[in-house]
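Visitor: Predicted model and sequence below, questions to follow.
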Amino acid sequence: MRDPISKKVRGLQPSGIRKFFDLASTMENVVSLGVGEPDFDTPWHIREEGIYALEKGRTFYTSNSGLLELREEITKYLKRRFSLEYETGEVLVTVGGSEAIDIACRVMLDPGDEVIIPEPCFVSYYPCAVMAGATPVRLPLYAKDQFKLTAERLLSVITEKTKLLVLPFPNNPTGAVMSEDELKTIADIVKKHDIYVLSDEIYAELTYTGRHASIASLPGMKERTIVINGFSKAYAMTGWRLGYACAPVEIMKQMVKVHQYEIMCAPTTSQYAAIEAMRNGDGDVEFMRESYDERRKFLVHELNEMGLTCFDPGGAFYVFPSIGITHMTSDEFATELLNEQRVAVVPGTAFGECGEGFLRISYAYSIENLKFALEKIKLFVDTKR
């Protein structure tokens with residue numbers, strides 16, 4: 001029989017995040033700091049709206065773009081929180097931010113187009129670019145720059161084939177953020193070289209050093225930017241599988257077309273719950289952000305105290321400490337820590353080769369769990385110095 005599998009798909013590597021999560025799930029008494037999922041329940045008033053939608057029999061398809069009422073709330077929210085001006089026709093409700101990333105790549109990219117992907121970063125960008133037929137260009141970022149994208153680094157990889165820049169800030173796994181001034185420098189380069197931007201802002205609400213800045217809010221950038229966001233992180237709605245994309249009408253029409261054939265529409269119950277989140281969820285977001293911020297400060301201090309040097313992350317809910325004092329690879333450290341101390345973290349290499357020598361540790365867990373895990377990590381590190 002001929003090979004039933006596409007060469008393109010066969011060449012993709014499984015997610016390094018899931019590898020350690022799946023391994024940990026087969027072991028007993030494991031403390032996992034590996035998964036980027038809020039430990040909060042979805043706020044009750046949001047769940048209640050989802051329940052009410054089911055009770056009212058709202059189990060039908062919505063329009064392909066999503067409920068008009070939800071898209072209206074998204075435009076109000078983006079203007080209120082991030083000074084972004086969108087019309088409802090520039091908004092698409094998707095099955096999580098991940099679908100939005102995939103659709104954007106399929107719509108924007110042709111074979112031969114190059115996509116610049118700053119790393120370390122979320123694991124989906126590279127395979128989505130490959131599946132869209134484009135050429136991913138990995139761009140390593142460095143701890144000395146706090147893992148921010150600099151003009152020098154960006155200019156070093158731009159070619160005539162460059163079409164799309166992935167801008168993954170606040171960043172998973174490093175927690176790095178880009179200020180408005182830093183984004184202005186990047187925007188000038190993007191406009192000069194006629195590049196489009198895929199700005200993944202799923203962690204926008206989890207910014208601890210001032211207000212989140214979106215590159216789409218800068219002059220001349222809205223027309224060349226696709227903004228990705230969603231409900232999973234800010235509202236603790238991971239299992240509701242709901243995200244959204246905002247883009248110029250010309251791009252959005254094509255995104256809706258692909259979404260129509262792939263998905264039809266996002267889950268209706270989730271969309272009704274999301275309306276409630278947008279209208280009345282600001283207080284929930286603030287409460288969770290303050291809790292994450294407390295954990296962030298605690299974790300960074302404790303890791304630095306034990307010698308795992310860690311810069312102060314400005315966003316998301318991850319720290320990215322160096323394990324240089326152990327002289328171990330990231331994979332060796334994560335594997336032995338799991339086997340010896342039953343603590344699960346993710347090796348930095350899961351997010352790109354430049355993540356070697358680092359770990360991703362999530363603080364989407366209670367202070368009590370973090371304290372317990374840190375005691376175990378310290379015991380481990382003390383034996384490996």
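Guide: Cool, got the structure.
Visitor: which residue ranges form the helices in the protein?
Guide: Assigned by DSSP state H, the chain shows helices spanning 7-10, 16-25, 44-55, 68-82, 96-108, 125-131, 151-155, 180-192, 249-262, 268-280, 282-305, 330-341, 367-384.
Visitor: For residue 140, find the nearest of those helices.
Guide: helix 151-155 (8.0 Å; C-beta to C-beta). Where C-beta positions appear, they are placed from N, C-alpha and C, glycine not excepted.
Visitor: how far out from the middle of the chain is the closest one?
Guide: Put simply, helix 151-155 sits 22 Å off its chain's centre (C-alpha atoms, centre = their mean, to the nearest Å).
Visitor: and what of stretch 55-64?
Guide: The chain centre lies 28 Å from the centre of stretch 55-64; the measure is C-alpha atoms, centre = their mean.
Visitor: Report the separation between the two terminal residues of it.
Guide: End-to-end span of stretch 55-64 (C-alpha to C-alpha, to the nearest Å): 23 Å.
Visitor: Check stretch 158-166 too.
Guide: 13 Å.
Visitor: can you give me the mean pLDDT across that stretch?
Guide: Stretch 158-166 comes out with an average pLDDT of 98.
Visitor: Same check on stretch 139-155?
Guide: Mean per-residue pLDDT for stretch 139-155: 97.
Visitor: buried set for that stretch?
Guide: Residues of stretch 139-155 classed as buried by neighbour count (16 or more other C-beta atoms under 10 Å): 139, 141, 143, 146, 147, 148, 149, 153, 154.
Visitor: tell me the contacts of residue 53?
Guide: Going by C-beta atoms under 8 Å, 6 or more residues apart in numbering, residue 53 touches 268, 269, 272, 273.
Visitor: Kindly present these as CSV, with separate columns for pLDDT.
Guide: Formatted as CSV, the contacts of residue 53 follow (pLDDT from 0 to 100):
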residue, pLDDT
268, 98
269, 98
272, 98
273, 98
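Visitor: Could you report the neighbour count for residue 83?
Guide: Counted with other C-beta atoms under 10 Å, the neighbours of residue 83 add up to 12.
Visitor: again, but for residue 60
Guide: Residue 60: 7 surrounding residues under other C-beta under 10 Å.
Visitor: Residue 261 now?
Guide: 8.
Visitor: how much space between it and residue 285?
Guide: From residue 261 across to residue 285, the span is 34 Å (C-beta to C-beta, to the nearest Å).
Visitor: For residue 252, list the residues it contacts.
Guide: Applying C-beta under 8 Å, 6+ apart, the residues near residue 252 are 89, 90, 91, 92, 245, 246.
Visitor: how far away is the first one from residue 246?
Guide: Separation of residue 89 from residue 246 (C-beta to C-beta): 10 Å.
Visitor: So between the two, which is more surrounded?
Guide: More crowded of residue 89 and residue 246, by other C-beta under 10 Å: residue 246, with 28 against 13.
Visitor: pLDDT at the more buried one, what is it?
Guide: With respect to pLDDT, residue 246 scores 98.
Visitor: Over to residue 5?
Guide: The per-residue pLDDT reported for residue 5 equals 89.
Visitor: would you turn the buried residues of stretch 139-155 into CSV with distance to residue 119?
Guide: Listed next are these as CSV, based on distance: C-beta to C-beta, whole Å:
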residue, distance to residue 119
139, 7
141, 7
143, 13
146, 15
147, 9
148, 13
149, 10
153, 11
154, 13
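Visitor: just the residues you listed now: which is nearest residue 180?
Guide: Using C-beta to C-beta, these come closest to residue 180 at residue 148, 12.9 Å.
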